[in-house]
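Colleague: Any chance you can model this:
(one chain, ligands or ions: 1)
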Amino acid sequence: MRINQNQIQENNKTSIKTLEEQFNYTSNTLNNKGVDVNAIIKKLQNLQIAIPSWALGAGGTRFGRFSFFGEPKNLEQKIEDIGILNALTHSAGAVSLHIPWDIPEDYNGIKTLANSLNIKFDAVNSNTFQDQNNAALSYKFGSLSNTSKDIRQQAIQHNIDVINIGKKLGSKSLTVWLADGASFPGQNNFQTALINTENSLKEIYATLPKDWKMLIEYKPFEPNFYSTVIQDWGTSFMLATACGDKAYSLVDLGHHLPNCNIEQIVSTLMYKGKLGGFHFNDSKYGDDDLTVGSIKPYTLFLIFNELVYGMENNPNNPDLEWMIDASHNLKDPLEDLLQSLEAIQEAFAKALLIDQNKLKNAQLNNDIVTCQEILHDAYRTDVRPLVAKARLNLGGAINPIETYRALNVRNQLIKERGKYSIATGL
Ligand SMILES: [Mn+2]
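Modeller: Presented below is the predicted three-dimensional model:
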């Protein structure tokens, strides 16, 4: 199923007048404050967020999984789903493939399809956190960190295979996330596990094409209960530095212990030119499953403040690879992703409203109250008309979820694919 431009324009008719009124009010107010509204709209239009191929079906927990019906059952259908998101928002112009769940069968066909929907191939993700069919050796006790050289070699070769798949599609980066760790004290020798991981990553890095990046993701817990080999940004930074210039840390919002100051981590990594990618989601207690901005929107705004500052002040840091990495166990995945895209754009727009010169002066004067007022003034601004205007300018929907529902997308997908089609993945 595809959504065409006319359908979107037809739906926009009912809300275009209201949007123009709201936009004029907001943009006049901001212009009077000296804000360059057009520059913000342009930056919003340029922000493209990758959708991972595993996010389009219903997610689950280790206790169960409830289907959402009409799920994409192959890579083609997953890319079509992203095409729907991109047609509505013009901000989801990339797919991040998970290997081996989504190995293309017909490379040219997949590339042609993605191209026709304006979708690029973002980072490819390897998987050594579960055993694959017909695998000779098991990752039960670790992959790149395993005490067995043969198992490490199998995991290294898998990552090299993933790079080769990405090369055929036009991807330019490999994301490595390891489940390696220990569930019980004494199970692992920490130093041996770390040394093995570093050496394995170096072997993968050695095969990386010149114009590629390796993104090293960290996570403090789960699936192991006691320790994780790449547990925090410091370990990821250390490993990326050991590998070389093309290796970077990847920050996943949900991969931190409660109350961790993620915005400060972002800031430190960008200062060192080592932040390569960012995964968006939200969480109340831990992990990375909830809709972006659904629990801690102010934290998201503070993170974007550091991202915006870093993008403007740290030219040594590369352009970031943005991706949504959440699980959708109750909502329609496409509606959930639309909500996440909106939350990301809103946080970005609000961060762009921060008067950096004024903030710097207030900081130099130790005027903490003014510092806080500057942040709050930006955060409390309703930027939704700017975000909607940016979408409208590109031919997207003023209200993506409303349009998605008005066009009856999910029911059409069920009709096309069958009610009980299930997406590949966990
Ligand atoms: Mn992630």
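Colleague: list the contacts for the residue nearest in space to the middle of the chain?
Modeller: By CA atoms, centre = their mean, the chain has its centre lying nearest to residue 323, at 1.7 Å. Taking CB atoms under 8 Å, 6 or more residues apart in numbering, we find residue 323 in contact with 49-52, 96, 122-123, 277-280. Yep, even glycine has a C-beta here, placed from its N, CA and C like the rest.
Colleague: Generate a ChimeraX selection restricted to the buried subset of these.
Modeller: Here is the ChimeraX command that selects the buried residues among the contacts of residue 323 (16 or more other CB atoms under 10 Å):
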select :49,50,51,52,96,122,123,277,278,279,280
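Colleague: from the contacts of residue 323, which are also near the ion?
Modeller: When those are checked against the ion using CB under 5 Å from the ion, the ones in range are residue 279.
Colleague: measure the closest residue to the ion within the stretch 301-426 of the chain to residue 46 for me?
Modeller: Across the stretch 301-426 of the chain, the shortest distance to the ion (CB to the ion) belongs to residue 325, at 3.7 Å. Distance, residue 325 to residue 46, by CB to CB, to the nearest Å: 21 Å.
Colleague: Neighbour count: the two, which is higher?
Modeller: For residue 325 versus residue 46, the count of surrounding residues by other CB atoms under 10 Å is larger for residue 325: 27 against 9.
Colleague: Excluding chain neighbours, what is closest to that one?
Modeller: Excluding the flanking residues, the one nearest residue 325 by CB to CB, 6 or more residues apart in numbering is residue 279, at 3.8 Å.
Colleague: Contacts only, for residue 331.
Modeller: 68, 291.
Colleague: sec struct for it, please.
Modeller: coil (DSSP: H, G, I helix; E, B strand; the rest coil).
Colleague: pLDDT value on the residue of the chain most remote from its centre, please?
Modeller: Centroid-distance maximum for the chain: residue 365 at 37.0 Å, with CA atoms, centre = their mean. Residue 365 is assigned 98 on the pLDDT scale.
Colleague: these two touch, right, the residue of the stretch 301-426 of the chain closest to the ion and residue 251?
Modeller: No: Residue 325 is beyond contact range of residue 251, at 10.7 Å (criterion: CB atoms under 8 Å).
Colleague: overlap in contacts of the two?
Modeller: Contacts common to residue 325 and residue 251, judged by CB under 8 Å, 6+ apart, are residue 279.
Colleague: Just the strands from the stretch 301-426 of the chain, written as ranges.
Modeller: 321-324 (DSSP state E, counting those that start in this stretch).
Colleague: now the end-to-end length of stretch 116-134.
Modeller: 35 Å (CA to CA, to the nearest Å).
Colleague: Just the contacts of residue 323: which are in helices?
Modeller: When the contacts of residue 323 are checked against helices (DSSP state H), there are no matches.
Colleague: From the contacts of residue 323, pick the one nearest the ion.
Modeller: Taking the contacts of residue 323 together and measuring to the ion by CB to the ion, the closest member is residue 279, at 3.7 Å.
Colleague: Look up which residues are beta-bridged to the closest one.
Modeller: On DSSP bridges, the residues paired with residue 279 through beta bridges are residue 252, residue 323.
Colleague: and the residue of the stretch 101-250 of the chain found nearest the ion, how many residues sit next to it?
Modeller: Closest contact between the stretch 101-250 of the chain and the ion, by CB to the ion, is at residue 217 (5.5 Å). Per other CB under 10 Å, the neighbour tally for residue 217 reads 20.
Colleague: Spell out which parts of the stretch 201-350 of the chain neighbour the ion.
Modeller: So the stretch 201-350 of the chain meets the ion at 252, 279, 325 (CB under 5 Å from the ion).
Colleague: now do 6 Å
Modeller: Residues of the stretch 201-350 of the chain lying close to the ion by CB under 6 Å from the ion are 217, 252, 279, 325.
Colleague: just these now: which is nearest residue 401?
Modeller: Residue 401 lies nearest to residue 325 out of those, by CB to CB, at 20.5 Å.
Colleague: List the residues that contact the closest one.
Modeller: When contacts are counted by CB under 8 Å, 6+ apart, residue 325 touches 52, 55, 252, 254, 279-281, 288.
Colleague: Same check on residue 301?
Modeller: With CB under 8 Å, 6+ apart, residue 301 has these contacts: 347, 350-351, 375, 378-379.
Colleague: Could you tell me which of these belong to helices?
Modeller: The helices, defined by DSSP H, take in 347, 350-351, 375, 378-379 from the contacts of residue 301.
Colleague: Emit the ChimeraX select command for whichever of the residues you listed are buried.
Modeller: The buried residues among these can be selected in ChimeraX (16+ other CB under 10 Å) with this line:
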select :347,350,351,375,378,379
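Colleague: Pull the most distant pair out of the ones in helices among the contacts of residue 301.
Modeller: Spatial extent of the ones in helices among the contacts of residue 301 (CB to CB) is set by the pair 347 and 375 at 12.5 Å.
Colleague: Pull out the buried residues from stretch 114-123.
Modeller: Of all the residues in stretch 114-123, those buried under the rule 16+ other CB under 10 Å are 114, 117, 119, 121-123.
Colleague: just stretch 376-394 next, same as before
Modeller: Neighbour counts over stretch 376-394 (16+ other CB under 10 Å) mark 378-379, 381, 383-392 as buried.
Colleague: what mean pLDDT does that stretch have?
Modeller: Rounded mean pLDDT across stretch 376-394 is 98.
Colleague: Could you do stretch 103-113 as well?
Modeller: 96.
Colleague: mind checking how far that stretch is from the chain centre?
Modeller: On the basis of CA atoms, centre = their mean, to the nearest Å, stretch 103-113 sits 23 Å off its chain's mean C-alpha point.
Colleague: re the thing from before, redo the contacts of residue 325 as a markdown table? Include pLDDT and distance to residue 31.
Modeller: Formatted as a markdown table, the contacts of residue 325 follow (pLDDT from 0 to 100; distance: CB to CB, whole Å):
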| residue | pLDDT | distance to residue 31 |
| --- | --- | --- |
| 52 | 96 | 38 |
| 55 | 91 | 38 |
| 252 | 97 | 37 |
| 254 | 95 | 37 |
| 279 | 97 | 35 |
| 280 | 97 | 30 |
| 281 | 97 | 34 |
| 288 | 79 | 38 |
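Colleague: Just confirm residue 86 contacts residue 118, I think it does.
Modeller: Yes: Residue 86 lies in contact with residue 118 (CB under 8 Å); the separation is 6.1 Å.
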